[in-house]
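Participant: My questions concern the predicted model and sequence given below.
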Amino acid sequence: MITISLTKGDAVAEDLGKKTFREKLKLLFPLIDNLRRMLAAARHAFNRHSRAELAKIAKLQDDFTLDIDPFFEWVEKELETGPAAGKADLLKFQQVLSNLELMAREISGLAEPIRRKGNHGAILSDKDVVLVNNLFSQQEGFLRVLVDIFTYNDAGLKAYVVNECRKIRDASFRDEADHEFRMMDSPGQPDAWSIHIEILEHFREGLKHLIALVEALD
């Protein structure tokens, strides 16, 4: 966990205040690592029906909340009391925090449909299992790239992430439409259909917040 606490004194707040915007972003690397661990736990639970990994998702979500809250407290205080000259960067930083928090919510939200998959014995098609695992790999890869974006602010890298996220998001909409068509064509497995669609929705929302985060850095 990040050992940052604004309630134990003003030293941390003063340190944040002295850092550049890019240096502040680097302090968020542990939060991104936490998101990656949550994704890994969700993937393991999806493929192995592991209750231990499902419990780990909840624990990591709690840790993430405890770690990100001090950053929110600091930036909100600075927006209220700090000089007007620095407020543009503060608002950007706040947007980054908000979208990281929303991404964490979507990743942790995967736990519920994954839990139903195990509890109900829902059998997804081979195609759907491969698609979901690809989504896990792609989102994990984007989080790795996000560290580079925070570090280098490369315009080409930001454009790549935004474009790829949009492509994957659009492809998931097509996959959902395909599922609806196949459901009308055959009885299928209602539980499996709904679980797959719910997982797609969480990934899609996560990608939406990742796009918003990257665009906030411009």
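Facilitator: Okay, I see it.
Participant: residues touching R116, list them.
Facilitator: Applying C-beta atoms under 8 Å, 6 or more residues apart in numbering, we find R116 in contact with 122, 191, 195. Yep, even glycine has a C-beta here, placed from its N, CA and C like the rest.
Participant: can you redo those as a markdown table with neighbour count and distance to P113?
Facilitator: Written out in a markdown table, the entries for the contacts of R116 read as follows (neighbours: other C-beta atoms under 10 Å; distance: C-beta to C-beta, whole Å):
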| residue | neighbour count | distance to P113 |
| --- | --- | --- |
| A122 | 17 | 9 |
| D191 | 17 | 10 |
| I195 | 24 | 5 |
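Participant: following the lowest-mean-pLDDT helix or strand in the chain, which helix or strand shows up next?
Facilitator: Lowest on mean pLDDT, DSSP states H and E among the helices and strands of the chain sits helix 11-18, with a mean of 63. Proceeding C-terminally, helix 11-18 gives way to helix 21-26 as the next helix or strand, assigned by DSSP states H and E.
Participant: which other helices and strands contact that following helix?
Facilitator: Contacts defined by 3 or more C-beta pairs under 8 Å, 6 or more residues apart in numbering; DSSP states H and E place helix 21-26 against helix 87-109, helix 126-152.
Participant: What residues of it count as buried?
Facilitator: 24-25 (16 or more other C-beta atoms under 10 Å).
Participant: with the contacts of R116 in mind, which one is nearest to K24?
Facilitator: When the contacts of R116 are ranked by distance to K24 (C-beta to C-beta), I195 comes first, at 38.9 Å.
Participant: The closest one contacts I123, doesn't it?
Facilitator: No - counting by C-beta atoms under 8 Å, I123 is not a contact partner of I195; they are 10.1 Å apart.
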